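Trainee: My questions are about this predicted structure, shown below with the sequence.
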Amino acid sequence: MSVETASNFLNIKDVSTAFKIDGQYYDAISHINLQVQHDEILAIVGESGCGKSTLATTIMGLHDPAETKISGEVDFEGTDLLKLDESGYNQFRGAKIGMIFQDPLSALNPLKRIEDQISEVMDYHTDLSAEDKHKRVIELLNQVGIVNPQRTAKQFPHELSGGMRQRVIIAIAIACKPDLIIADEPTTALDVTIQAQILDVLRDIQKENHAGIILITHDLGVVAETADEVAVMYAGQIVEQGSVEQVFNTPEHPYTRSLLRSMPQRDNENDDLYVIQGNVPSLQKMPATGDRFAPRIPWVPAEEHEEHPTMHEVAPGHEVRCTCYKHFQFPDEQGSVTA
Ligand SMILES: Nc1ncnc2c1ncn2[C@@H]1O[C@H](COP(=O)(O)OP(=O)(O)OP(=O)(O)O)[C@@H](O)[C@H]1O
């Protein structure tokens, strides 16, 4: 993921997005570099407010230019998406790029039957006849695991369960066989069993369609089960990236290590979970220098942090921000030193 190669069809280069707040611009994401390949699920993980959704909406061109300043390049199959106007973007959204949002109910039109909602995207991007569109709707509903597609096609969203609605959203997102699917917290609103089924559907689609998927989640369990590559975001920056094996087996950045330590494991269900102290800073309070996570690991001496933290390669394809990872220990690993 971190190495730019010909097979990367999405290259996010030095992308920053700033929002206007009280007349001033503040970065919500800063200097993001990421690549996605076909047949790959890249997870973006981090706590709420770290900038994950801002990254997704920046790629999709969903920001009001009057309120937002965006810089950098999003090279998608040779087109810099950030240079497109609204009609240019409309050629990509729903066609080559599909998007799945967190809340399936608000993403569906309550007044339209499921078949019409799935057909709509094909009306815009394809010349299929009514008969072929109907066939495709049934095929898509099958593909996302709906057992009675003929019946579901005729139903309205309120007649479906949350899990079924999310399957329909996925069907809409993949209707035109996009190369890239951006899924923003696609399972957060669903219960655990349904979550697992939806993640299976996503994985199957990635295999069948050879799509690249950006999966946004705050849930490390979802990352471990689903993704190939992972980028850990903190306060608008990527602090660690690598393969899922690298990041889970040899996590380096104190933030990644803290997230993993605060995650319930089967064998520590009854133990007190680690709690990361403090909060993600608001955009106006973002530290201008030093590691942005430093205030939440106050026992680490200031000199362990870089003034302007950069990414360091710790293994091929595995990168970590700042030098503070080198000697990092939790207070209970340090013997007499406490937080
Ligand atoms: N339109 C906006 N105007 C001002 N600030 C914004 C805007 N959208 C997001 N932010 C701020 O940008 C930061 C990143 O928000 P974002 O929603 O991208 O984070 P996230 O990691 O996706 O969190 P969540 O999981 O809660 O959606 C937050 O501090 C948020 O308050």
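Mentor: Looks like it came in fine. Numbers count the residues shown, from 1 in each chain.

Trainee: mind checking the end-to-end distance for stretch 121-133?
Mentor: End-to-end distance for stretch 121-133: 10 Å, by C-alpha to C-alpha, to the nearest Å.

Trainee: quick one: contacts of it?
Mentor: Residues outside stretch 121-133 that contact it (C-beta atoms under 8 Å, 6 or more residues apart in numbering) are N90, G94, A95, S119, R136, I172, A175, C176. Bear in mind the C-beta positions are built from the backbone N, C-alpha and C, glycine included.

Trainee: Could you rerun that using 7 Å?
Mentor: With C-beta atoms under 7 Å, 6 or more residues apart in numbering as the test, stretch 121-133 has contacts from G94, A95, S119, R136, I172, A175, C176.

Trainee: Which members of those residues occur in helices, if any?
Mentor: If you go by DSSP state H, the contacts of stretch 121-133 have S119, R136, I172 in helices.

Trainee: quick one: which of these is nearest to the ligand?
Mentor: Of all these, the ligand sits closest to I172, with 21.2 Å by C-beta to the nearest ligand atom.

Trainee: Which residues of the stretch 101-250 of the chain lie near the ligand?
Mentor: Contacts of the stretch 101-250 of the chain with the ligand, taken as C-beta under 6 Å from any ligand atom, map to H218.

Trainee: Output the below-cut-off pLDDT ranges for the stretch 101-250 of the chain.
Mentor: Across the stretch 101-250 of the chain, the ranges flagged by pLDDT under 70 are 104.

Trainee: and with 90 instead?
Mentor: Along the stretch 101-250 of the chain, segments meeting pLDDT under 90 span 101-107, 124-125, 143-145, 162-163, 166, 177, 186-210, 221, 225.

Trainee: where do the helices sit along it?
Mentor: Secondary structure of the stretch 101-250 of the chain, counting by DSSP state H, counting those that start in this stretch: helices at 104-107, 114-125, 130-143, 149-154, 162-174, 192-209, 220-226, 244-249.

Trainee: Distance to T68 added to those, as JSON lines?
Mentor: Listed next are these as JSON lines, based on distance: least, C-beta to C-beta, whole Å:
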{"stretch": "helix 104-107", "distance to T68": "22"}
{"stretch": "helix 114-125", "distance to T68": "25"}
{"stretch": "helix 130-143", "distance to T68": "33"}
{"stretch": "helix 149-154", "distance to T68": "38"}
{"stretch": "helix 162-174", "distance to T68": "24"}
{"stretch": "helix 192-209", "distance to T68": "29"}
{"stretch": "helix 220-226", "distance to T68": "28"}
{"stretch": "helix 244-249", "distance to T68": "30"}
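
Trainee: With mean neighbour count as extra columns, can I get these in JSON lines?
Mentor: Shown next, in JSON lines, are the helices of the stretch 101-250 of the chain (neighbours: other C-beta atoms under 10 Å):
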{"stretch": "helix 104-107", "mean neighbour count": "16"}
{"stretch": "helix 114-125", "mean neighbour count": "19"}
{"stretch": "helix 130-143", "mean neighbour count": "16"}
{"stretch": "helix 149-154", "mean neighbour count": "17"}
{"stretch": "helix 162-174", "mean neighbour count": "24"}
{"stretch": "helix 192-209", "mean neighbour count": "17"}
{"stretch": "helix 220-226", "mean neighbour count": "20"}
{"stretch": "helix 244-249", "mean neighbour count": "17"}
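
Trainee: returning to what we had before: let me know the closest of the ones in helices among the contacts of stretch 121-133 to T226.
Mentor: Minimum distance to T226 across the ones in helices among the contacts of stretch 121-133 is 20.2 Å, recorded for I172 (C-beta to C-beta).

Trainee: Which residues lie in contact with that closest one in this structure?
Mentor: Q117, I118, V121.
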